[in-house]
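> here's a sequence, model it:
(2 chains)
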There are 2 protein chains.
Amino acid sequence: MRGKRWVYFFGAGRADGDASMREILGGKGANLHEMSRLGIPVPPGFTVCAQACVFYLSKGAWPEHLEEEVREHMVLLEDAMGRAFGDKQYPLLVSVRSGARVSMPGMMDTVLNLGLNDETVGGLARATGNPRFAFDSYRRLLQMFGEVVRGIPHQLFEHQLEEVKRLHGITQDTELSPVHLQEVIQRYKEVFAREGTSFPQGPWRQLKEAIEAVFQSWDNQRARTYRRIHGIPDDWGTAVNVQAMVFGNMGDDSGTGVTFTRNPATGERGLFGEFLPNAQGEDVVAGIRTPMPISGLREWMPKVYQELCDLGDLLERHYRDMQDIEFTIEKGSLYVLQTRSGKRTVRAAMRIAVEMVDEGIIDRATALLRVDPEQLRQILHPDIDPNAVYCLIARGLPASPGAASGKVVFSAKEAEEMASKGEKVILVRPETSPDDIGGMDAAQGILTARGGITSHAAVVARGMGKCCVVGCDALLINEVEGYILADGIRINRGDVITLNGSTGEVIQGEVPLVEAEPGPYFSRLMGWADSVRALQVRANVDTPENAALARRLGAEGIGLCRTEHMFFEKDRINVVREMILAETTQERKKAITQLLPMQREDFKGILRVMDGFPVTIRLLDPPLHEFLPKSPEEMEAFSRERGIPLEKVRQKVERLQEFNPMLGLRGCRLGILFPEIYRIQVRAIFEAACALAKEGVDVRPEVMVPLVAHVREMRILRDLIEREASDVMKEQGIKVEYLIGTMIELPRAALTADEIAQEADFFSFGTNDLTQTTLGISRDDAAKFLPQYVEMGIYSKDPFATLEEEGVGQLMEMGVIKGRSVRHNLKIGICGEHGGDPASIRLCHRIGLNYISCSPYRIPTARLAAAQARAREELSKVSGLNI
Amino acid sequence: MRGKRWVYFFGAGRADGDASMREILGGKGANLHEMSRLGIPVPPGFTVCAQACVFYLSKGAWPEHLEEEVREHMVLLEDAMGRAFGDKQYPLLVSVRSGARVSMPGMMDTVLNLGLNDETVGGLARATGNPRFAFDSYRRLLQMFGEVVRGIPHQLFEHQLEEVKRLHGITQDTELSPVHLQEVIQRYKEVFAREGTSFPQGPWRQLKEAIEAVFQSWDNQRARTYRRIHGIPDDWGTAVNVQAMVFGNMGDDSGTGVTFTRNPATGERGLFGEFLPNAQGEDVVAGIRTPMPISGLREWMPKVYQELCDLGDLLERHYRDMQDIEFTIEKGSLYVLQTRSGKRTVRAAMRIAVEMVDEGIIDRATALLRVDPEQLRQILHPDIDPNAVYCLIARGLPASPGAASGKVVFSAKEAEEMASKGEKVILVRPETSPDDIGGMDAAQGILTARGGITSHAAVVARGMGKCCVVGCDALLINEVEGYILADGIRINRGDVITLNGSTGEVIQGEVPLVEAEPGPYFSRLMGWADSVRALQVRANVDTPENAALARRLGAEGIGLCRTEHMFFEKDRINVVREMILAETTQERKKAITQLLPMQREDFKGILRVMDGFPVTIRLLDPPLHEFLPKSPEEMEAFSRERGIPLEKVRQKVERLQEFNPMLGLRGCRLGILFPEIYRIQVRAIFEAACALAKEGVDVRPEVMVPLVAHVREMRILRDLIEREASDVMKEQGIKVEYLIGTMIELPRAALTADEIAQEADFFSFGTNDLTQTTLGISRDDAAKFLPQYVEMGIYSKDPFATLEEEGVGQLMEMGVIKGRSVRHNLKIGICGEHGGDPASIRLCHRIGLNYISCSPYRIPTARLAAAQARAREELSKVSGLNI
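Here you go, the predicted model:
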């Protein structure tokens, strides 16, 4: 008895392994076995198990019997293919590929065309009638073998190829004749010789060395580093797949092609693809010949076409998804080289998902999981025509989605003037300030050179639902002379540019846009989503218009209404500045009292639109200096207009400067130090609510206190809010139900959530700030290192786009558990930007939040993602797997 | 049978209660009972229990039998005092005071002199022979009763008093004659009448109403808010103490005084105090008569003196501490009005503690607890002469302890020039920059108008062990014309000022200083401390000189050696700047290579001094722009000197600007992005270590990585450090033992300490940054609101001075538990500024750290505080109480 088994066969309708055997066969191997088992005609082959690799790496030799087993399985393979390995007439060629338990893309090595040598190459040339193909295959084998097995530098081979082309005046590889290729082969052999080695002519020697090279590649530096970063154990090893090579260029009964089982653009049912008779995959890629539509195959080889249709059905039903199939026909025999779930547009994804439910292939939960929530935004905003060709001149941060074209202007004033004449403009600024609001409103889109996703421009643009690109470092803006330089291209004042706020692209000239039109599959899918999800979905909006938009898109309340955005409006900003410049409480009260009627009207508008839904209003949050004029000109203008000495303005601006404003005098600290500000805001909320309640509107205000770190802050402010609310309600002679809650956006708040919950009716995680403080990363400064961090895999995703689970997620979970430990039915939500991110929504679902809140156009994404989170949970329960 | 008991008697050598009965008798009451039990002659009285208050507040009426019990106990009191309540000849007067379970200072009410009325006041006048006293007592009763019981505004009474004084041309209260006082009393009664009420003449009525008023004061707004903030339950209620009043102004056999049982300045044994015959406490306070030393009492009333001596012994042995005793002698009878532990200088504290151990009064653990570690610094630094009188002109933040005088200069250049002529100077700057280092070194002390405790000036000054006051907002510095304005006082260039870096005081002119001289009691006490403490004590130092100082003060290693401070030195800063301005890795390497020999010498110096002790060296931490020139002049000078285009300097400085530098590109992020910087630093450390090891020095370097948030950062940098260290050791042909560890200074690091510990040999809590991020407070900006926060009790202490326990402490404890869960013997320390703060050290001890680290002059404080933490723990175990 031999003991341990090292090699597993697959192909010809059977297989020794199956999809469950990844630990032994690796991921790729297990799938090849699975497909063979299904009777799908994959080119046959065998898998050397990962344990053989481990043995080899530790002992430096093959395990006993391994070679014997390989030889036995090669016989099976030869039988299946009807050709022999090393045969001089028509040799069986094989590939050798790595395949670890988990995918490690590009980390380990592959060798193709093994079995060719000086003799067999002639046989292949004759058998295929394509000497060029045969010698090119041999050349490639030499090069790959040289690099992978012998460690000869790539460039040495490339150099020889270039030499031959130069000598013969050839520019394209495809122009190389069989004679040229033989010259290249000769030169390649000399490279081997100069490196003190040679290319082994014996096919078995080739195969053995190739297998060993793949074993060894498990231990190369690149792979070790990858494993270290991704926490993959070093002792797993890699399996090795030896698979027959098949060729579609064997004559008129051969060919190659690619097909989808449904139309990937529209989702319509039926094969959709193309094929080339008498050709190889690389010919399709090289674009030498124009492939024909897959329907052509029906006439040319009706049997094979039918086989492909049946196979498509089989694969769709087995994998329960639309497939993207690569196939080769070798002498009338169909081989599937690969099948995978097909990429598709979001429109196709919706249709396929809905129709597959109708066809009984998948259930609704699975259908929900088939559409990428992230992509839903594409169909809600005008977007750049996917067929458009354009000149990209720069790339910034995608701050507010949608696309827009317009003439470049460099000041808010210009924007307003031109817009009033009916011109479409794009406002371009180094960064924006509250003085630019009018111009931002007048423009089609906003582009800034500085600032991050939470900069003034970004936040205001999102509030306006206006397309915006920020932090576009590459732009050199010359406001004085009126032009932009980007990558050598000069854009003058009045030239048209196009912005894509969903991708951050800045484009020269006008680009055709496509309008938003969700369609019927969208409605059915969203209906299913709403019936499945546990999380409620609210919106972050600051205006009645956006509140109405949010309701149309399915919002079930407002999770964050930022009162400060209201302060930036043109007729108010100077009153706000007076409030800030006030030297005494009395002066401050006077200024803020002027704001009262304005704020009251803001709140009335929003509360009225959200009749019957909760509206969470956050009291003033940002550092006061954000409202002050910044440039000398702005200061002067303000000083003149309000009759306040310039020196006083300047001093105050300077005194309010902070080293780290994110961690400075802001949030509830303002409310503690200047209670009159919060008091007036609370008064405005309740005056609005009472007035509407008298009209019969069902108002549900929720007052939210920002940046709480200590329960004592919350105690003081809860007292203040309760007292003011009760005063207003007494004055108005009507009572309205309301809640008082807090943001949880500092680590200490999460860590002491059990104390804070004693004073809060609800929590709302402010995950922007919670991420900044927990990770110690200023979002506005992160561009200097975070992209590299993500690239290096230190953080697997941008933590400001997707919640960082181990740290921030841990704090959130603590917050939920501790908060509910003292207040059983504490309502908990999230209102950071993560509230619209699908992966983050999954976390929110898992830790048991009640709602998520995001900007209006994110709402369908959030509804679907929330449904997916629930559906995954249900499916995991059923299957016992973590899906 | 009556059921519940409401009233408890104390006095005349017995008591119904004792110190353990705080829940019933309140804190004050329980102590009065305890003293009575000891036979100490406190004025007798009785306590109405807190439960009576609770009953009254809920039912609005006295409990059944309470009045009966009060009357019965008044009889006991009259017996004890030999006088009757309401007696017209010589009335017994009583006070009524609140006293809750925990002290709520100033929150509730008190009424004195109850029992006086139009009739009894005459009796008192006659009996005491002091009509002025009697009528003044009556006036006070009217006013207190009016305010406390009737709620009449204070000002109404004050106004009448002022009127009478004005009418009679009197300026001092003490000039009021009995006739004047009778006029005041008349007017006070009219105040009552105008308010629609009257002063009750019946003593019992007075008493009952006063007790009720104290009951009610439990529920006043002030007290409710206090309880809310401090988490005191509303349902405890307050006890009420009714106590006989005694008077020392009854004739020549009466008097009053205060005495310590030992000398509070030196600690010498024996009564030390003063007394006044025939006087009341308020006379002593008013300073009308000069009291005599306590020794005078020995001749005047030898029996009473002896009684007082015995009492002092008794109280010292009972309370096991030096006592501060207030006493009154009424007609030859000694009464103790109050005893408490006496305040003392740190020198006295050390002597008393050591001698009480020798006398067998206390054990060593208790002795250690008797000295305030905070005060130890006083005897290590020159300090302002405690007897000096001076003119304080401003107060800044105490950035680096000690005191110094010198002439004001406004630039580093001036400082160096004048110092070179032997002048003592104080360098005054708006804020300092690396260009000021030379001047800082030349100056006696540094004063800045801006910046916090972690500003450049503060950090560098502490490193230099130089007195420094920062963030002195009130200063208006005019550098150009060369003067300072502070609170209207003008200080010109060359005028002398004195700084107290321990308190933040800025003083006009020169003030006498006292030199540091610890003395013998210090040595004995520190010896005991070292034998008790569990925590090791290390130092934060950056130079060999400070390392040597730290060893002399008892440091057992270096817990934090900041490499960046070495970068600021005059001959290096421009090389550092070149490194930062480098556009390519190559340029950067070239610049930093110039730093290598300098850094190597730094490390050699420190490692040599710390022979046999661990030295933790932190790799570069601060944002790079901190090293760059700031003002246009500095930029120009640098550009000229190094031949780098000014525009390039300017651009780079601007590009490195950050919105929130605390959370920006700094710490290990620098090492990840620019590995060549860390590599050279590591090389310098190991070249130094190897060279010394060859000389036989026992080097123990510990390389510390700052600002780690994710284990993957640590993995990458650990690899880098290990590789470079091993290269150097191979080159040098010698091996040295070393550790690689990390700061835990971001919440995420603490939350994922179990992962990070896999790659770290030690942790060091960087509690400055951990506090900033956990609480979301920028230390440099906190001055705008944190003082108010502490004043309002939101944080009970400045969280940057004393570790905030619930949030930051919770994270630290998580870090310790998680870290040790994967690395059992993980060495854990703290190197934030908290490492020298006694309360923080107690926390560090509790959560099981191995060491604390602090600036050199803090070391004795830290040694003692560490010993106290351990001693408290031991005592708690023995007593079962939390001491």
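
> need the contact partners of whichever strand or helix holds A:P787.
Counting by DSSP states H and E, the element that carries A:P787 is helix A:786-791. Contacts to helix A:786-791, defined as CB atoms under 8 Å, 6 or more residues apart in numbering or on different chains, come from residues A:777, A:795-800, B:669, B:672-673. Heads up, the C-betas are built off the backbone N, CA and C, glycines and all.

> of these, buried ones?
Among those, those classed as buried by 16 or more other CB atoms under 10 Å in any protein chain shown are A:777, A:795, A:798-800, B:669, B:672.

> which one of the residues you listed is nearest to A:E745?
A:F800 (13.4 Å; CB to CB).

> returning to what we had before: buried ones in the helix holding A:P787?
For helix A:786-791, a neighbour-count test (16+ other CB under 10 Å) marks A:786, A:789 as buried.

> contacts for the helix or strand following that helix next, please.
Proceeding N to C from helix A:786-791, the next assigned helix or strand is helix A:810-822, under DSSP H and E. Helix A:810-822 is contacted by residues A:744, A:747, A:749-758, A:760, A:763, A:765, A:767, A:770, A:774, A:803, A:826, A:828, A:843, A:847-849, B:747, B:751-752 when judged by CB under 8 Å, 6+ apart.

> where does the stretch 451-600 of chain A have low pLDDT?
A:454, A:463 (pLDDT under 70).

> count of residues packed around whatever residue of it ends up closest to chain B?
The nearest approach of the stretch 451-600 of chain A to chain B comes at A:G452, 8.4 Å away (CB to the nearest CB). A count of nearby residues for A:G452, using other CB atoms under 10 Å in any protein chain shown, gives 19.

> one more: A:H73?
Neighbour count of A:H73, defined by other CB under 10 Å: 22.

> with A:V54 instead?
A:V54 has 18 nearby residues by other CB under 10 Å.

> and it, helix, strand or coil?
Secondary structure, DSSP: H, G, I helix; E, B strand; the rest coil: A:V54 is helix.

> please state the offset of stretch A:154-173 from the chain centre?
Put simply, stretch A:154-173 sits 40 Å off its chain's centre (CA atoms, centre = their mean, to the nearest Å).

> circling back to that earlier point, now do the SS call for the residue of the stretch 451-600 of chain A closest to chain B.
Here A:G452 is recorded as coil under three-state DSSP.

> quick one: residues contacting the closest residue to it other than its chain neighbours.
With CB to CB, 6 or more residues apart in numbering or on different chains as the criterion, A:G452 has its nearest non-adjacent residue at 4.5 Å, and that residue is A:D780. Contacts for A:D780 were tallied using CB under 8 Å, 6+ apart; they are A:451-452, A:454-455, A:662, B:658-660.

> do A:G312 as well
A:259, A:261, A:271, A:323, A:325.

> picking that back up, now the contacts of A:D780 in a markdown table, with distance to A:L77?
What follows is the contacts of A:D780, written out as a markdown table (distance: CB to CB, whole Å):
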| residue | distance to A:L77 |
| --- | --- |
| A:G451 | 61 |
| A:G452 | 57 |
| A:T454 | 60 |
| A:S455 | 62 |
| A:M662 | 64 |
| B:E658 | 62 |
| B:F659 | 63 |
| B:N660 | 63 |
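
> in contact with A:M464, which residues?
A:400, A:440-441.

> would you confirm that A:G86 contacts A:L114?
No: if you go by CB atoms under 8 Å, A:G86 and A:L114 don't touch, sitting 10.0 Å apart.

> show me which of those two is the more surrounded one.
Higher neighbour count among A:G86 and A:L114: A:L114, with 26 against 22, using other CB under 10 Å.

> show me what that one is bridged to.
A:V94 (DSSP bridges).

> list the contacts of the residue nearest to A:R364 when sequence neighbours are not counted.
Closest residue to A:R364 in three dimensions, ignoring its sequence neighbours and counting by CB to CB, 6+ apart: A:W528, at 4.9 Å. By CB under 8 Å, 6+ apart, the contact set of A:W528 is A:364, A:367-368, A:867.

> do the same with A:V94
A:V94 neighbours (CB under 8 Å, 6+ apart): A:45, A:77, A:85, A:114-115, A:207, A:242-245.

> other SSEs contacting the helix or strand that contains A:M714?
Using DSSP H and E, A:M714 maps to helix A:711-732. Where contact means 3 or more CB pairs under 8 Å, 6 or more residues apart in numbering or on different chains; DSSP states H and E, helix A:711-732 is packed against helix A:668-673, helix A:675-694, strand A:700-705, strand A:739-744, helix A:753-756, helix B:221-230.

> can you do 6 Å?
Other elements packing on helix A:711-732 under the criterion 3 or more CB pairs under 6 Å, 6 or more residues apart in numbering or on different chains; DSSP states H and E are helix A:668-673, helix A:675-694, strand A:739-744, helix A:753-756.

> got the CA coordinates for it in PDB?
Taking C-alpha atoms only, helix A:711-732 is exported to PDB below (Å, rounded to 0.1, in the frame of the first residue of the first chain):
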ATOM      1  CA  VAL A 711     -22.000  62.400  30.100                       C
ATOM      2  CA  ARG A 712     -21.700  65.700  32.100                       C
ATOM      3  CA  GLU A 713     -21.800  67.600  28.800                       C
ATOM      4  CA  MET A 714     -24.900  65.800  27.900                       C
ATOM      5  CA  ARG A 715     -26.500  66.500  31.300                       C
ATOM      6  CA  ILE A 716     -25.900  70.200  31.100                       C
ATOM      7  CA  LEU A 717     -27.200  70.500  27.500                       C
ATOM      8  CA  ARG A 718     -30.100  68.200  28.000                       C
ATOM      9  CA  ASP A 719     -31.200  70.500  30.800                       C
ATOM     10  CA  LEU A 720     -30.800  73.500  28.600                       C
ATOM     11  CA  ILE A 721     -32.800  71.900  25.700                       C
ATOM     12  CA  GLU A 722     -35.600  70.600  27.900                       C
ATOM     13  CA  ARG A 723     -36.000  73.900  29.600                       C
ATOM     14  CA  GLU A 724     -36.100  75.900  26.300                       C
ATOM     15  CA  ALA A 725     -38.400  73.400  24.600                       C
ATOM     16  CA  SER A 726     -40.800  73.500  27.500                       C
ATOM     17  CA  ASP A 727     -40.700  77.300  27.600                       C
ATOM     18  CA  VAL A 728     -41.600  77.500  23.900                       C
ATOM     19  CA  MET A 729     -44.300  74.900  24.200                       C
ATOM     20  CA  LYS A 730     -45.800  76.700  27.100                       C
ATOM     21  CA  GLU A 731     -45.700  80.000  25.100                       C
ATOM     22  CA  GLN A 732     -47.300  78.300  22.100                       C
END
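
> ok, now how distant is the residue most central in space within chain A from chain B?
Closest to where the C-alpha atoms of chain A average out (CA atoms, centre = their mean) is A:E374, at 7.4 Å. Plainly put, A:E374 is 25 Å away from chain B if you go by CB to the nearest CB, to the nearest Å.

> do the same with A:A223
To chain B, A:A223 is 15 Å away according to CB to the nearest CB.

> counting neighbours, what do you get for that residue?
A:A223: 22 neighbours (other CB under 10 Å).

> from B:Q810, how far out is it?
To B:Q810, A:A223 is 40 Å away according to CB to CB, to the nearest Å.

> what do you get for A:E556?
With the distance defined as CB to CB, A:E556 ends up 35 Å from B:Q810.

> ok, back up a step: quick check on the residue nearest to A:R364: phi, psi?
Per-residue torsions, A:W528: phi -60, psi -40 (degrees, to the nearest 10).

> A:R640 now?
Backbone geometry at A:R640, expressed as degrees, to the nearest 10, gives phi -60, psi -50.

> no further questions, thank you.
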